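>>> got a structure for you, letters missing:
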């Protein structure tokens, strides 16, 4: 297998700014992540971690540079949509679940968007809900769930289409210490047992140490050798 075949994510000299170029957030960032690797992306708030995850996922455009996920260039809208529907799962810090829908309804959204079968989607949701400990809460509106339950539900939703790559932006940052530990352990277990790739943005050095590799960012740049 060539290095190219073994690469889950390739980011090369990526620049990203906001406010018509007045605010530079990513300044020539490069990063390679191999398939099955768990990488912690560390740095203080505002260093560019979230923006890097967003451009990898295709949620944000880049000003210039190359991004490739699962061998596909993240350039046009069609490719981005296909990657988000079938190859990339995203767990946000504040879950981004729809509060008035049940947890089950939220979890089935990716399956519907990808055109998947209902029976297969229900079976996968049940499997993941059992694994994450929220099977008994599937029929509850999200607004009635605890913070830990919502974040576990967000993990179920992100894994519904069995993505090759999971991106997580401070997924335990809004949780108390007990729930933070449980959700993180669950995240690592689910990713490793399925041989998936994980890029995790975190400011917590304890969580970062349990990943395969730590990459540090500062002021929109990689500290040391990013790749």
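Okay, I see it. In this text the structure is predicted, and so the values were computed from the model without any measurement.

>>> Which elements pack onto the worst-scoring helix or strand of the chain on mean pLDDT?
Least confident helix or strand of the chain, by mean pLDDT, DSSP states H and E, is helix 177-193 with a mean of 84. Here helix 177-193 touches strand 38-42, helix 118-132, helix 147-159, strand 197-202, going by 3 or more Cβ pairs under 8 Å, 6 or more residues apart in numbering; DSSP states H and E. Where you see a C-beta, it was placed from the backbone N, CA and C, and this is true even at glycine.

>>> Identify the residues contacting the most centrally placed residue in the chain.
The centre of the chain sits closest to residue 167, judged by Cα atoms, centre = their mean, with a distance of 1.6 Å. By Cβ atoms under 8 Å, 6 or more residues apart in numbering, the residues touching residue 167 are 53, 56, 57, 88, 89, 90, 91, 198, 199.

>>> Name the secondary structure element that contains the fifth one.
Taking DSSP states H and E as the definition, one finds residue 89 inside strand 88-91.

>>> Direction included, what does that strand pair against?
strand 165-169 (parallel) (DSSP bridges).

>>> And the partner strand, what's buried?
165, 166, 167, 168, 169 (16 or more other Cβ atoms under 10 Å).

>>> Touching, the second one and residue 159? I think so.
Yes: under the criterion of Cβ atoms under 8 Å, residue 166 makes contact with residue 159 at 7.3 Å.

>>> Would you mind listing the residues touching both of the two?
residue 89.

>>> Quick one: distance of stretch 36-56 to the chain centre.
How far stretch 36-56 lies from its chain's middle: 10 Å, per Cα atoms, centre = their mean, to the nearest Å.

>>> For it, list every residue counted as buried.
Quick answer for stretch 36-56 (16+ other Cβ under 10 Å): 36-43, 47-56.

>>> Can you list the low-confidence ranges for the protein?
Residue ranges of the chain with pLDDT under 70: 1-5, 94, 224-227.

>>> rerun at 50
Applying pLDDT under 50 to the chain picks out residues 1-3.

>>> returning to what we had before: so after the strand holding residue 89, what's the next helix or strand?
Downstream of strand 88-91 (by DSSP H and E), the next one is helix 103-113.

>>> and that following helix, how far out from the chain's middle?
Taking mean C-alpha positions (Cα atoms, centre = their mean), helix 103-113 and its chain are 17 Å apart.

>>> Would you confirm that residue 214 contacts residue 38?
No: with contact defined as Cβ under 8 Å, residue 214 does not count as touching residue 38 (10.2 Å).

>>> Let me see the contact set for residue 128.
107, 155, 156, 159, 160, 190 are the contacts of residue 128 under Cβ under 8 Å, 6+ apart.

>>> PyMOL command to pick out the buried ones of these?
Remark: buried members of these, expressed as a PyMOL selection using 16+ other Cβ under 10 Å:
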select buried, resi 107+155+156+159+160+190
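
>>> From the contacts of residue 128, pick the one nearest residue 139.
Distance to residue 139 across these (Cβ to Cβ) is lowest for residue 107, with 11.5 Å.

>>> That closest one against residue 132, yeah?
No: if you go by Cβ under 8 Å, residue 107 and residue 132 don't touch, sitting 10.2 Å apart.

>>> who touches both of these two?
With Cβ under 8 Å, 6+ apart as the test, residue 107 and residue 132 both reach 153, 156.

>>> Apart from its chain neighbours, what residue comes closest to residue 210?
Take residue 210 and drop its neighbours on the chain: the residue closest to it by Cβ to Cβ, 6 or more residues apart in numbering is residue 188, 6.8 Å away.
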